Each structure stands twice: as C-alpha cells, then as structure tokens.
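Colleague: Give me coordinates for this.
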Amino acid sequence: MKGELTQQLLDAVGIMLLGMGLVYLFLSVLILAVNLVAKWCREEHKAVEPLKVNDASSTGAASTLDPKLVAAISLAVQQYRSQAQ
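Modeller: Model prediction:
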C-alpha cells in the first residue's frame, strides 16, 4: 500500500513537471513572437508619413452647407429638447 502511494506521488510530480515545462515553453515562444511582431511593426510604422490637417479646407466645407439642411437639423434638435423636458 505504501509503495502504491509513493508511485502515484512520483507519477503526479512527473506530470506536474511536464505540464509546467510545456507552459514555460509556450510562454517563451509567445514572448519571442510578440517581440518579433513589435519589431516588424516598428519598422513599418517609420515608412508611413503623418497626415497634415489643413484648417482652410475644413472651414471651406462649413460654408457650403445647405441652409435648408441646417434649418432641418436645428428644428429636430429643438423638438428633441422640448420632448426631453
């Protein structure tokens, strides 16, 4: 009986070490893969130029709005606010 318990404990320790080793191996490969992808993305990011915002174009778009559309939106906002109270 004592020998069976000892054998079972040794089997359990072996399975535990095998499982922990596989988890350690998987996490090591995962960290390596994440670092490689981060390095690859950093190199790709340098090639992209930042976009410039032009303030003149954004103000020009506001002057071309249809006055009927502005009136319809204003009326809708007023009705919503009157119903919400």
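
Colleague: Tell me where the model's unsure across this protein.
Modeller: The chain contains residues with pLDDT under 70 at 43-63.

Colleague: Just the strands from it, written as ranges.
Modeller: Secondary structure of the chain, counting by DSSP state E: no strands present.

Colleague: In it, which helix is the longest?
Modeller: Assignment by DSSP state H gives helix 2-47 as the longest helix of the chain.

Colleague: Report the distance from that one to the chain centre.
Modeller: 24 Å (CA atoms, centre = their mean, to the nearest Å).

Colleague: same deal with stretch 74-85?
Modeller: 37 Å.

Colleague: pull the CA atoms of it into PDB?
Modeller: Coordinates of each C-alpha in stretch 74-85 appear next as PDB, following Å, rounded to 0.1, in the frame of the first residue of the first chain:
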ATOM      1  CA  SER A  74     -32.000  72.900 -35.900                       C
ATOM      2  CA  LEU A  75     -35.700  72.100 -35.800                       C
ATOM      3  CA  ALA A  76     -35.000  68.500 -35.000                       C
ATOM      4  CA  VAL A  77     -32.700  69.500 -32.100                       C
ATOM      5  CA  GLN A  78     -35.400  71.900 -30.800                       C
ATOM      6  CA  GLN A  79     -38.100  69.300 -30.900                       C
ATOM      7  CA  TYR A  80     -35.900  66.700 -29.100                       C
ATOM      8  CA  ARG A  81     -35.000  69.200 -26.400                       C
ATOM      9  CA  SER A  82     -38.700  70.100 -25.900                       C
ATOM     10  CA  GLN A  83     -39.700  66.400 -25.600                       C
ATOM     11  CA  ALA A  84     -36.800  65.600 -23.200                       C
ATOM     12  CA  GLN A  85     -38.000  68.100 -20.600                       C
END
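
Colleague: What are the buried residues along that stretch?
Modeller: Buried residues in stretch 74-85, counting neighbours by 16 or more other CB atoms under 10 Å, are absent. Backbone N, C-alpha and C define where each C-beta goes, glycine included.
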